[in-house]
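A.B. asks: just coords:
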Ligand code: NAD
Ligand code: MN
């Protein structure tokens with residue numbers, strides 16, 4: 001196959017290989033306690049509508065450009081370990097070009113456009129994303145390993161919804177800040193992680209553009225492909241060249257971007273370690289910064305909670321997206337009197353979780369995003385096993401290829417256990433107990449982070465009281481991991497600062513003048 005620009009394309013070979021893996025699994029009946037293929041035949045999503053180029057260049061000034069560095073890296077499909085495509089590495093000169101192009105676009109076009117016209121472009125992006133949703137979902141799953149049902153039902157619809165939402169704000173900023181006048185910042189550098197690749201791109205770009213800024217976006221090195229596909233959408237939407245530039249590469253590319261003196265704003269989502277380094281680097285300059293970093297969020301389940309519903313919420317909170325969620329409910333605080341039956345119900349429910357080929361529509365838990373992350377999670381599980389407490393892991397056959405980890409949890413944990421403190425970013429839950437609401441609050445707050453929490457109780461007054469004492473940016477009651485573009489998201493303490501989503505999500509991209 002040939003693309004428009006004459007590049008060779010590869011059809012995606014993974015579907016057949018994985019289907020045959022699954023058939024092998026189903027012929028090995030009896031080897032594991034539960035064989036999923038016994039009750040569900042593989043239901044693989046087709047990869048037909050996605051065409052992956054063999055090589056991707058940088059997206060600068062509205063067009064694909066070969067990198068000055070002449071270097072490329074491979075993006076891997078973590079469900080197979082095979083390379084999907086070669087992707088450009090932006091060096092310092094490439095970053096300079098991208099920032100320059102964003103600056104020109106800001107000065108000459110975007111800052112001069114009426115807010116309503118800006119909004120129209122953003123609406124167009126949202127609509128095209130909706131039209132091409134299936135293509136994006138499959139590509140997200142191939143590049144990042146998340147189950148297709150999540151990419152299809154969560155990531156892509158929410159990304160489109162985010163563009164729709166902020167498109168609406170573009171010409172209504174005066175209502176967001178009544179009686180005040182606001183202005184855009186200029187050029188934004190935006191660095192995103194690999195757990196929700198397209199969604200994080202939307203969280204960054206949509207409010208920035210709505211507020212009248214131009215952008216240089218740096219996707220994560222393990223999941224660059226949907227951001228690069230988004231560059232096609234931007235072209236299709238006829239967004240003026242340079243308003244959004246997408247530069248790929250490793251952490252080094254990211255650090256060239258944050259060190260560039262021509263930026264007015266940096267937005268970063270990723271590890272606390274890198275976030276802190278960025279904040280230190282920017283301190284003398286005072287460039288506006290927002291950080292969305294890690295978490296060690298707690299569920300608090302009271303004995304009066306609807307237990308089956310809470311079990312479902314806890315499962316969703318930690319095993320959704322392989323636990324690659326910054327606000328994952330990675331700690332579970334159970335009221336002592338219900339701890340035992342709750343844990344039994346949790347185990348029973350876990351028996352029905354399907355771990356395997358992310359392209360299978362029945363898969364609940366897909367591939368760990370990269371070999372490095374797989375190794376990191378395994379080493380943390382090892383540490384957890386050496387410390388006091390008990391360990392349970394779902395006994396299920398994992399695909400032979402790719403990076404998979406069966407969901408697991410540690411019980412009898414205290415706040416001094418490593419896994420009650422360290423962010424794992426994997427399907428690993430740490431369980432402890434409490435006797436009083438006050439003890440639950442102390443334990444939930446006993447972490448360097450403060451991103452999210454979940455409270456489970458039938459009593460509204462108890463929920464309200466406990467919520468008011470938790471240091472967490474997002475608190476769900478009797479549910480978990482629910483997102484909406486209209487609701488602000490962000491952290492306390494070392495989970496970062498600044499909010500994304502909602503009216504509050506405009507603030508990091510504006511200056512209130514008077
Ligand atoms: P990371 O922070 O290194 O990577 C996130 C993004 O930052 C990527 O685009 C990366 O290329 C870029 N980056 C890396 N170093 C940089 C630097 N010095 N300057 C500028 N940009 C830089 O995260 P990781 O190594 O991929 O994951 C490690 C851990 O981080 C995970 O195990 C998890 O605990 C945490 N994490 C959190 C989130 C989140 O959403 N809060 C997302 C990803 C990872
Ligand atoms: Mn990849």
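C.D. replies: Nice, thanks for sending it over. Worth saying up front: this structure is predicted, and the values here are computed from it rather than measured. Residues are numbered from 1 along each chain as shown. Ligands and ions are numbered 1, 2, ... in the order given.

A.B. asks: tell me the helices in the stretch 201-350 of the chain, going along the chain?
C.D. replies: 225-236, 251-259, 272-282, 307-319, 336-350 (DSSP state H, counting those that start in this stretch).

A.B. asks: of the ones you listed, which approaches ligand 2 most closely?
C.D. replies: Minimum separation from ligand 2 across those (CB to the ion) falls at helix 225-236, 6.9 Å. Every residue, glycine included, has its C-beta placed from N, CA and C.

A.B. asks: still on that earlier bit, what would the helices of the stretch 201-350 of the chain look like in JSON lines with mean neighbour count?
C.D. replies: Converted to JSON lines, those look like this (neighbours: other CB atoms under 10 Å):
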{"stretch": "helix 225-236", "mean neighbour count": "22"}
{"stretch": "helix 251-259", "mean neighbour count": "20"}
{"stretch": "helix 272-282", "mean neighbour count": "17"}
{"stretch": "helix 307-319", "mean neighbour count": "21"}
{"stretch": "helix 336-350", "mean neighbour count": "16"}
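
A.B. asks: Could you export these to JSON lines, including columns for distance to residue 427?
C.D. replies: Shown next, in JSON lines, are those (distance: least, CB to CB, whole Å):
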{"stretch": "helix 225-236", "distance to residue 427": "23"}
{"stretch": "helix 251-259", "distance to residue 427": "25"}
{"stretch": "helix 272-282", "distance to residue 427": "20"}
{"stretch": "helix 307-319", "distance to residue 427": "5"}
{"stretch": "helix 336-350", "distance to residue 427": "10"}
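
A.B. asks: Tell me which of these sits nearest to residue 483.
C.D. replies: Residue 483 sits nearest to helix 307-319 of all the helices of the stretch 201-350 of the chain, at 12.2 Å, using CB to CB.

A.B. asks: just how off-centre is that closest one within its chain?
C.D. replies: In this view, helix 307-319 has its centroid 20 Å away from the chain centroid, taken as CA atoms, centre = their mean, to the nearest Å.

A.B. asks: Averaged pLDDT, it. What do you get?
C.D. replies: If you average the pLDDT over helix 307-319, you get 98.

A.B. asks: same question, stretch 249-257
C.D. replies: 98.

A.B. asks: Residue 227 versus the closest residue in space to residue 155 that isn't next to it in sequence, what's the distance?
C.D. replies: Nearest non-adjacent residue to residue 155, counting by CB to CB, 6 or more residues apart in numbering: residue 199, 4.9 Å away. Relative to residue 227, residue 199 is positioned 11 Å away (criterion: CB to CB, to the nearest Å).

A.B. asks: same deal with residue 108?
C.D. replies: Residue 108 is 25 Å from residue 227, by CB to CB.

A.B. asks: same deal with residue 92?
C.D. replies: Counting by CB to CB, the gap from residue 92 to residue 227 is 21 Å.

A.B. asks: residues near whatever residue of the stretch 201-350 of the chain ends up closest to ligand 2, how many?
C.D. replies: Relative to ligand 2, the nearest point of the stretch 201-350 of the chain is residue 222 (4.6 Å; CB to the ion). Neighbour count of residue 222, defined by other CB atoms under 10 Å: 24.

A.B. asks: separation between it and residue 500?
C.D. replies: 21 Å.

A.B. asks: ditto for residue 106
C.D. replies: 21 Å.

A.B. asks: and the chain, which residues reach ligand 1?
C.D. replies: Contact residues (CB under 6 Å from any ligand atom) of the chain with ligand 1: 191-195, 218, 220-221, 250-251, 254-255, 258, 269-271, 274, 277-278, 292-294, 326, 373, 376, 423, 425.

A.B. asks: Give me the buried subset of the residues you listed.
C.D. replies: 191-195, 218, 220-221, 254-255, 258, 269-271, 274, 278, 292-294, 326, 373, 423, 425 (16 or more other CB atoms under 10 Å).

A.B. asks: Now do the contacts for the residue in the stretch 251-400 of the chain that ligand 1 sits nearest to.
C.D. replies: Going by CB to the nearest ligand atom, ligand 1 is nearest to residue 254 of the stretch 251-400 of the chain, at 2.2 Å. Residues near residue 254 by CB atoms under 8 Å, 6 or more residues apart in numbering: 191, 218, 274.

A.B. asks: Tabulate these in a markdown table, adding columns for distance to ligand 2.
C.D. replies: Formatted as a markdown table, the contacts of residue 254 follow (distance: CB to the ion, whole Å):
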| residue | distance to ligand 2 |
| --- | --- |
| 191 | 17 |
| 218 | 15 |
| 274 | 19 |
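
A.B. asks: Please dump those residues into JSON lines; it should also carry pLDDT for every row.
C.D. replies: Shown next, in JSON lines, are the contacts of residue 254 (pLDDT from 0 to 100):
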{"residue": "191", "pLDDT": "98"}
{"residue": "218", "pLDDT": "98"}
{"residue": "274", "pLDDT": "97"}
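
A.B. asks: Ligand 2 contacts on the stretch 201-350 of the chain?
C.D. replies: residue 222 (CB under 5 Å from the ion).

A.B. asks: follow-up on the earlier one: what pLDDT does the model give the residue of the stretch 201-350 of the chain closest to ligand 2?
C.D. replies: 98.

A.B. asks: My guess is it contacts residue 76. True?
C.D. replies: Yes - using CB atoms under 8 Å, residue 222 is in contact with residue 76, at 6.9 Å.

A.B. asks: which residues do those two both contact?
C.D. replies: residue 370.

A.B. asks: any idea which residue sits dead centre in this protein?
C.D. replies: Of all residues in the chain, the one closest to the mean position by CA atoms, centre = their mean is residue 196, 2.8 Å from it.

A.B. asks: so the nearest residue to it once chain neighbours are set aside, which of the three states?
C.D. replies: Closest residue in space to residue 196, ignoring its immediate chain neighbours: residue 155 at 5.7 Å, by CB to CB, 6+ apart. Here residue 155 is recorded as helix under DSSP: H, G, I helix; E, B strand; the rest coil.

A.B. asks: what residues are up against the closest residue to residue 483 other than its chain neighbours?
C.D. replies: Leaving aside its chain neighbours, residue 483 sits nearest to residue 158 (5.9 Å; criterion: CB to CB, 6+ apart). By CB under 8 Å, 6+ apart, the contact set of residue 158 is 199, 202, 483, 485.

A.B. asks: so which of those would you say is closest to residue 140?
C.D. replies: residue 199 (8.9 Å).

A.B. asks: Measure how the helix or strand hosting that closest one sits relative to helix 225-236, angle-wise.
C.D. replies: Following DSSP states H and E, one finds residue 199 within helix 197-210. Angle of helix 197-210 versus helix 225-236, following axes from the mean of the first three to the mean of the last three CA atoms, to 10 degrees, is 40 degrees.

A.B. asks: Which other helices and strands does helix 197-210 contact?
C.D. replies: helix 115-131, helix 133-144, helix 156-169, strand 187-191, strand 214-218, helix 225-236, strand 265-269 (3 or more CB pairs under 8 Å, 6 or more residues apart in numbering; DSSP states H and E).

A.B. asks: and whichever helix or strand comes after the second one, average pLDDT?
C.D. replies: Using DSSP H and E, the helix or strand that directly follows helix 133-144 along the chain is helix 148-150. What helix 148-150 shows for mean pLDDT is 98.

A.B. asks: try stretch 424-433
C.D. replies: On average, stretch 424-433 scores 98.

A.B. asks: Buried ones in that stretch, by neighbour count?
C.D. replies: 424-433.

A.B. asks: now do stretch 482-497
C.D. replies: 483, 485, 488-497.

A.B. asks: List just the nearest of those to residue 287.
C.D. replies: Nearest to residue 287 among the buried residues of stretch 482-497, with distances taken as CB to CB, is residue 497, at 14.0 Å.

A.B. asks: Need the pLDDT of that closest one.
C.D. replies: Listed pLDDT for residue 497 reads 93.

A.B. asks: If the residue nearest to it when sequence neighbours are not counted is in a bridge, with which residues?
C.D. replies: Distances taken as CB to CB, 6+ apart place residue 291 nearest to residue 497, at 5.8 Å, with adjacent residues excluded. Beta bridges link residue 291 to residue 268, residue 497, judged by DSSP bridges.
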